[in-house]
Structure formats: C-alpha cells, structure tokens
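> coords please:
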Amino acid sequence: MTINQPLAEEKSKAVSYLLWCSCFFGVCGIHRFYNGRPVSGTIWLLTLGFLYIGQIIDLFLIPGMVREENLERSIALRERDDRALL
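Take a look at the predicted model:
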C-alpha cells in the first residue's frame with residue numbers, strides 16, 4: 001500500500017451526514033457511533049442530541065470527526081503492518 005492510496009475502510013463524510021439526518025426521525029447520535037465515538041453517541045441517543053443543540057453543532061464537527069477517525073484507523077493499520085514485518 002502506498003502513502004497516497006486511500007484505505008478501503010475509510011469513513012465517509014457523506015455517510016456521516018446521512019446518518020446525522022436520522023435525527024429527523026427521532027434517532028440522534030448514529031453518526032457518532034459510525035465515527036467511533038460510542039460514549040458520546042449513547043449520550044446523544046438518550047438526550048436527543050442534547051435537545052438538538054448538539055446535533056446542530058455536529059453539522060460543523062462532522063468533517064473533523066471523519067478526518068480523525070480515518071487518521072486513527074490508518075495509524076492502527078500501519079502499526080499492525082509494521083509489527084507483522086518484525
């Protein structure tokens with residue numbers, strides 16, 4: 001795998017925004033589970049996204065959440081590959 005080649009498992013901003021839209025059906029926080037944040041996802045789920053205020057804030061935070069999750073997954077994959085080489 002080259003450095004510029006994207007990982008097959010990368011998270012998508014579009015999917016995160018689609019999951020964010022589930023709040024219109026009364027299910028808030030699904031996008032946080034998708035982006036590897038189960039604790040805050042559970043809080044969002046139980047509090048309706050902090051009474052929808054947190055949901056609105058998340059509109060601006062989703063790109064950073066996706067970027068951070070993809071970076072964490074990339075680092076973990078490279079560390080695993082490095083260990084396999086040893």
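> by contact count, what packs against the biggest helix by length in the chain?
When the chain is parsed with DSSP state H, its longest helix is helix 53-85. On a contact count with 3 or more Cβ pairs under 8 Å, 6 or more residues apart in numbering; DSSP states H and E, helix 53-85 meets helix 13-20, helix 30-34, helix 38-51. Yep, even glycine has a C-beta here, placed from its N, CA and C like the rest.
> can you list contacts of stretch 45-60?
Identification of contacts with stretch 45-60 by Cβ atoms under 8 Å, 6 or more residues apart in numbering yields 20, 23, 26, 27, 28, 29, 30, 31, 32, 43, 44, 65.
> run the last query once more with 7 Å
The contact list for stretch 45-60, computed with Cβ atoms under 7 Å, 6 or more residues apart in numbering, reads 20, 23, 28, 29, 31, 44.
> Between the residues you listed, which sits nearest residue 9?
Residue 9 has its nearest neighbour among those in residue 31, at 16.9 Å by Cβ to Cβ.
> From residue 64, how far out is that closest one?
Per Cβ to Cβ, to the nearest Å, residue 31 is found 12 Å from residue 64.
> Sketch out the low-pLDDT regions of the chain for me.
Within the chain, the ranges that satisfy pLDDT under 70 run 1-8.
> deepest of the helices and strands packed on helix 53-85, which one?
helix 30-34 (a mean of 22; mean count of other Cβ atoms under 10 Å).
> who's in contact with that one?
11, 15, 16, 19, 20, 22, 40, 41, 44, 58, 62.
> so which of these would you say is closest to residue 74?
Taking the contacts of helix 30-34 together and measuring to residue 74 by Cβ to Cβ, the closest member is residue 11, at 10.9 Å.
> I figured that closest one hits residue 70, correct?
Yes: in this structure, residue 11 is within contact of residue 70 by Cβ atoms under 7 Å, at 5.6 Å.
> And for residue 65, the neighbour number?
Using other Cβ atoms under 10 Å, residue 65 has 20 neighbouring residues.
> give me every residue that touches it.
Contact analysis of residue 65 by Cβ under 7 Å, 6+ apart lists residue 35.
> Tell me who's in contact with the closest residue to residue 43 other than its chain neighbours.
Spatial nearest neighbour of residue 43, excluding adjacent residues (Cβ to Cβ, 6 or more residues apart in numbering): residue 29 at 7.2 Å. Shown in contact with residue 29 (Cβ under 7 Å, 6+ apart): 41, 44, 45, 49.
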